[in-house]
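*Asks:* Predicted model and sequence follow; I will ask about them next.
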Amino acid sequence: MKPELLTKEALSAFAVSHRAAFEAELKTLVEIPSVSADPAHAKDVRRCAEAAVSLFERHGGKAEILETEGNPLIHGWFGDDAALPTITVYNHMDVQPANEPEWTADPFVFTNDNGTYRGRGSTDDKGPAVTAFFGALAAREAGVPLNLHFLWELEEEIGSPSFEGGLRAHKARLTTDAIVVSDTVWITRGKPSTPAGLRGLKGFRLTLETADHDLHSGVVGGAARNPLSELITLVGAMFDGNTGEVKIPDFYQEVVPPSEAELASWKASGFTVAQFKQDHMIKGLRTEDAMELLTRVWGKPTMEVHGVVGGYTGPGIKSAVPARAEVKISCRLVPDMNETMVMERVRAFVRQHNPDVEVHEEHGLAPFKGHVSGPYAEAIRDAYQFAFGAPCSFTREGGSIGAVKTMEDQLGCEVYFLGLSLPEHGYHAPNENYDWEQASGGIVAFARYFQTVSGFRK
Ligand code: BES
Ligand code: MN
Ligand code: MN
């Protein structure tokens, strides 16, 4: 090991001298529209896997495409010495669709505006992936004695449907001592945070058909059932749309409330309601109290209506009674909830209130409870402090990353988070971006993290 290459100054200099290479690699990846939700982009998803393999190979690493029943996994690595510890970095290379009208430029043309990188996937999650990659290059150059592995998914944004099968099939090649995920958001710039928990997600659709085709509301209205109204009534009984409170019996039964220590850490995280509103350009909230808000987003489950399909949606009014309707719903889940229990209760509730309504389940993601102490957590704390000169707080995330719980279960190791995205980077939003401040600090943070964990014996 060459410790002189691992000082803050040397690592920062490494980042600066690799800036052009970093930007070129990120540009290449952002310009491949690897939209997992859209079958029309299947070829781009494959092209993205190939570009990722090329990235590893061009920088002296090895890589392979691991097939699954869906999109492939990318496994890249530097070093494969059984005597050394192994760390695996998880990121995803697939992106959200980008058809929002507010994009000011083509979402799949990378723009670099003085160190602000714009394009779909720039922050979620290609930028953090390339950042960790350059952190690994820095650690390699300094001779850090560690096997550095990367696992990049191409189905994260559709709920990781093939991930578990993929891990089962390729487990032997993916053995690792610990995993670090870089796919989460800080509270605000200058205030690193690392989640010790993620919410899970369970989507379902309610459908109802009460006639063969749409009917004249003057001829049958009053006597005919209206599937749209019945679904609205049902949803209104399931949860209070104003407060968000779910009224399905026992819905909250397994919820473990945040501990006193967690609440104290959330309180110290630098979160403010005003900043939250500004970051998300949000007009109204269900609460103005910071701790109540955080508990709602990180510590409690939700029920959310995403879409209502049915009836007439053209200009003016058309006086028809629709024949069928659908409501698209999902629940965010927290530890120790599980999707089976949730769906059992939803189904029982629907059966009791409107037995004609059909419940269609989507693929679910388990909630995740992480760690706030121990050597790997300390290494995260140290890496942020070292690179960004600020302490990190252990928080939670309201979002979901399906792969996390699956990696913990299938690979039998702990999962930690070294996220780099900021609220204003705009996850899933038009004009999504990432920036050099986070990237350069991130390269230093990852290199430092790799150095620390290389000292952990198995
Ligand atoms: N990187 C996010 C997860 C995330 C969201 C972390 C918010 C921190 C804060 C991930 O790419 C994501 O968007 N997950 C989706 C999964 C879904 C589409 C199956 C989510 O949480 O909605
Ligand atoms: Mn992501
Ligand atoms: Mn995402």
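*Replies:* That came through, no problem. Ligands and ions are numbered 1, 2, ... in the order given.
*Asks:* Where do the strands of the stretch 201-350 of the chain begin and end?
*Replies:* Along the stretch 201-350 of the chain, counting by DSSP state E, counting those that start in this stretch, strands occupy 215-216, 304-310, 320-321, 324-333.
*Asks:* Compare those and give me the one nearest ligand 1.
*Replies:* Taking C-beta to the nearest ligand atom, strand 324-333 is the member of the strands of the stretch 201-350 of the chain nearest to ligand 1, at 8.0 Å. For every residue, glycine as well, the C-beta is placed using N, CA and C.
*Asks:* rewinding a little: tell me which of the strands of the stretch 201-350 of the chain lies nearest to residue 189.
*Replies:* Closest to residue 189 of those is strand 324-333 (C-beta to C-beta; 25.6 Å).
*Asks:* How many residues are close by the residue of the stretch 201-350 of the chain found nearest ligand 2?
*Replies:* Ranking the residues of the stretch 201-350 of the chain by distance to ligand 2 (C-beta to the ion) places residue 201 first, at 12.9 Å. Counted with other C-beta atoms under 10 Å, the neighbours of residue 201 add up to 23.
*Asks:* which ones are touching it?
*Replies:* 159, 330-333, 364-365, 400, 402 (C-beta atoms under 8 Å, 6 or more residues apart in numbering).
*Asks:* In PyMOL, how would I select just the buried ones from those residues?
*Replies:* In PyMOL, this line selects whichever of the contacts of residue 201 come out buried by 16 or more other C-beta atoms under 10 Å:
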select buried, resi 159+330+331+332+333+364+365+400+402
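*Asks:* Need the max-distance pair from the contacts of residue 201.
*Replies:* 331 and 402 (14.7 Å).
*Asks:* Report how many residues lie close to residue 306.
*Replies:* Neighbours around residue 306, by other C-beta under 10 Å: 10.
*Asks:* So it sits against residue 331, correct?
*Replies:* No: Residue 306 is beyond contact range of residue 331, at 11.2 Å (criterion: C-beta atoms under 8 Å).
*Asks:* Give me the most central residue, the chain.
*Replies:* residue 401 (4.4 Å; C-alpha atoms, centre = their mean).
*Asks:* And that one, how far from residue 326?
*Replies:* From residue 401 across to residue 326, the span is 28 Å (C-beta to C-beta, to the nearest Å).
*Asks:* How about residue 341?
*Replies:* For residue 341, the distance to residue 326 - C-beta to C-beta - is 24 Å.
*Asks:* who has more neighbours, these two?
*Replies:* It is residue 326, of residue 341 and residue 326, that has more neighbours when counted by other C-beta under 10 Å, with 18 against 15.
*Asks:* The nearest residue to the more buried one once chain neighbours are set aside: neighbouring residues, count only.
*Replies:* Excluding its sequence neighbours, the residue lying closest to residue 326 (C-beta to C-beta, 6 or more residues apart in numbering) is residue 309, at 4.2 Å. Taking other C-beta under 10 Å as the neighbour definition, residue 309 ends up with a count of 15.
*Asks:* State the number of residues packed around residue 336.
*Replies:* Counted with other C-beta under 10 Å, residue 336 comes out at 12.
*Asks:* wait, it sits on residue 254?
*Replies:* Yes: contact criterion C-beta under 8 Å: residue 336 and residue 254 qualify, at 4.6 Å.
*Asks:* Next, the buried residues of the lowest-mean-pLDDT helix or strand in the chain.
*Replies:* The helix or strand of the chain with the lowest confidence, counting by mean pLDDT, DSSP states H and E, is helix 273-280 at a mean of 93. Using 16+ other C-beta under 10 Å as the test for burial, helix 273-280 gives 273, 275-276, 279.
*Asks:* Stretch 278-296 too?
*Replies:* 279, 290, 293-296.
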